[in-house]
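Novice: Sequence and predicted structure are below.
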Amino acid sequence: MIEHGKGYDPHAPTIPARSRRTRWLLLAATVLAASLPVIELHNSSDPGTWLPEVTPAIFPSIMAMAMSPFGRTTRSLPLDEFERDTLARAGMHAQLVIVIGLAALFVWLTFAAKFEWLMPTQPRHWMALGIAVVGIAASLPVLFAEWMVPLPPSDD
């Protein structure tokens, strides 16, 4: 059995230790990304602009993913079998949530015109919606993996 932080990771000097704060930052960043299109739909700025004014709201999601070792697996960081399995399950759960979210989005867009609900009408509204979907889809697997893999015991 490999213990966390006991020399199994050759990249350990370059990887910050997992923090309890990271999972909360990821959760807050994902909620912020989800609120991005809602904020943009209520924003009454110049309709000629195509880039949403709330675009920088996606950056916390990117930064929080970079803080997690599960968001940096493209660098071939070594994960033990439990962590790889958990990351795969987290990806599966994230894909399910994304599909359900996209289905709910399409249902909303289908009925928005009929019932006069708020809906995207300008390019920047659609851009905000696209940025939010990409940000959420990118951060959900990392968020789920952070919550599914227990943190190592604190040294208190």
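Specialist: Now that the structure is in, tell me what you want to look at.

Novice: Go through this structure and flag its longest helix.
Specialist: For the chain, the helix with the greatest residue count under DSSP state H is helix 81-115.

Novice: Which residue comes closest to the most centrally placed residue in the chain once chain neighbours are left out?
Specialist: Centroid check for the chain by C-alpha atoms, centre = their mean gives Ser139 as the closest residue, at 2.1 Å. Spatial nearest neighbour of Ser139, excluding adjacent residues (C-beta to C-beta, 6 or more residues apart in numbering): Ser61 at 4.7 Å. C-beta coordinates here come from the backbone N, C-alpha and C atoms, glycine included.

Novice: quick revisit: what helices or strands is the longest helix of the chain leaning on?
Specialist: helix 123-148 (3 or more C-beta pairs under 8 Å, 6 or more residues apart in numbering; DSSP states H and E).

Novice: In the lowest-mean-pLDDT helix or strand in the chain, which residues are buried?
Specialist: Lowest on mean pLDDT, DSSP states H and E among the helices and strands of the chain sits helix 59-67, with a mean of 76. Of the residues in helix 59-67, those buried by neighbour count under the rule 16 or more other C-beta atoms under 10 Å are 60-61, 64-65, 67.

Novice: Report the spatially closest residue to Ile131, excluding sequence-adjacent ones.
Specialist: Computed as C-beta to C-beta, 6+ apart, the closest residue to Ile131 that is not its neighbour in sequence is Ile58, at 5.5 Å.

Novice: Let me know the outermost residue of this structure.
Specialist: Distance-from-mean max, the chain, by C-alpha atoms, centre = their mean: Lys114 at 31.5 Å.

Novice: okay, it: pLDDT?
Specialist: In the prediction, the pLDDT value recorded for Lys114 is 89.

Novice: again, but for the one 10 residues further on
Specialist: We have a pLDDT of 82 for Arg124.

Novice: And it, how close does it get to Arg18?
Specialist: 37 Å (C-beta to C-beta, to the nearest Å).

Novice: between the two, which one's more packed in?
Specialist: Using other C-beta atoms under 10 Å, the more surrounded residue of Arg124 and Arg18 is Arg124, with 23 against 19.
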